[in-house]
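Asks: Sequence below, structure please.
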Amino acid sequence: MPVIRPKDVARGHDCYRRVVSALRGLWQEALAADPHASPTDVDLPTDRNDPAYLDCPTLAMAVRYSLGVLEKAVPGPSTELRVPPFAAVKILPGPDSDPHNLTPPDVLEFTPVVWLRLASGVSTWGQEKSAGNIDAVDAADERVSRLFPIPA
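Replies: Coordinates of the predicted model:
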């Protein structure tokens, strides 16, 4: 099953653009308040009254769309990217899952906000890793880190 249905791609692209715009705006505000701020400190507001607030369906669609873009760009069975609770994809050529447990050799899990900061280029792999938001080693680190920002 695809991470995003073909009929939802346009809506997903719109949601992704809205999320990216919000993250970039929040990053600019953070920099204006503190020139030493890190993009890893940028988070989406949870208060529904905040003008930058985005609801759960918008975030879900943005995550699914961006994962779908990456899956199309670098398909393969060797690395699974998970963004719970919204979606997961397998990418990059290489060894397939172990037939006994169906888990690929490399599995990386991100929170939705970390994933969207990386996908959009608001933050870099190195910044997120230094902040403790990415737990990748060796091959996964080298292979996946070069994929960001995604070509959306």
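Asks: what's the pLDDT at A52?
Replies: In the predicted model, A52 carries a pLDDT score of 85.
Asks: surely it meets L26?
Replies: Yes. Using Cβ atoms under 8 Å, A52 is in contact with L26, at 6.1 Å. For every residue, glycine as well, the C-beta is placed using N, CA and C.
Asks: Mutual contacts of the two, please.
Replies: Listed as contacting both A52 and L26 by Cβ atoms under 8 Å, 6 or more residues apart in numbering are L44.
Asks: So the two - more neighbours on which side?
Replies: Counted by other Cβ atoms under 10 Å, A52 and L26 do not tie: L26 has more neighbours, with 18 against 13.
Asks: quick one, what contacts the more buried one?
Replies: L26 neighbours (Cβ under 8 Å, 6+ apart): V42, D43, L44, A52.
Asks: element containing it?
Replies: Using DSSP states H and E, L26 sits in helix 9-33.
Asks: pLDDT score for the closest residue to P75 other than its chain neighbours?
Replies: Nearest non-adjacent residue to P75, counting by Cβ to Cβ, 6 or more residues apart in numbering: I91, 6.5 Å away. With respect to pLDDT, I91 has a value of 90.
Asks: quick one: I91 and K72 touch, right?
Replies: No. Assessed by Cβ under 8 Å, I91 is found out of contact with K72, at 9.5 Å.
Asks: Looking at the two, which one has more neighbours?
Replies: I91 (24 against 13).
Asks: In this structure A136 contacts L108, no?
Replies: Yes. In this structure A136 lies within contact range of L108 using Cβ under 8 Å: 5.6 Å.
Asks: Common neighbours of the two, please.
Replies: With Cβ under 8 Å, 6+ apart as the test, A136 and L108 both reach V144.
Asks: Quick check: buried residues in the helix or strand of the chain with the lowest mean pLDDT?
Replies: Lowest mean confidence among the helices and strands of the chain (mean pLDDT, DSSP states H and E): helix 138-145, at a mean of 76. For helix 138-145, burial by neighbour count (16 or more other Cβ atoms under 10 Å) applies to A140, D141, R143, V144, S145.
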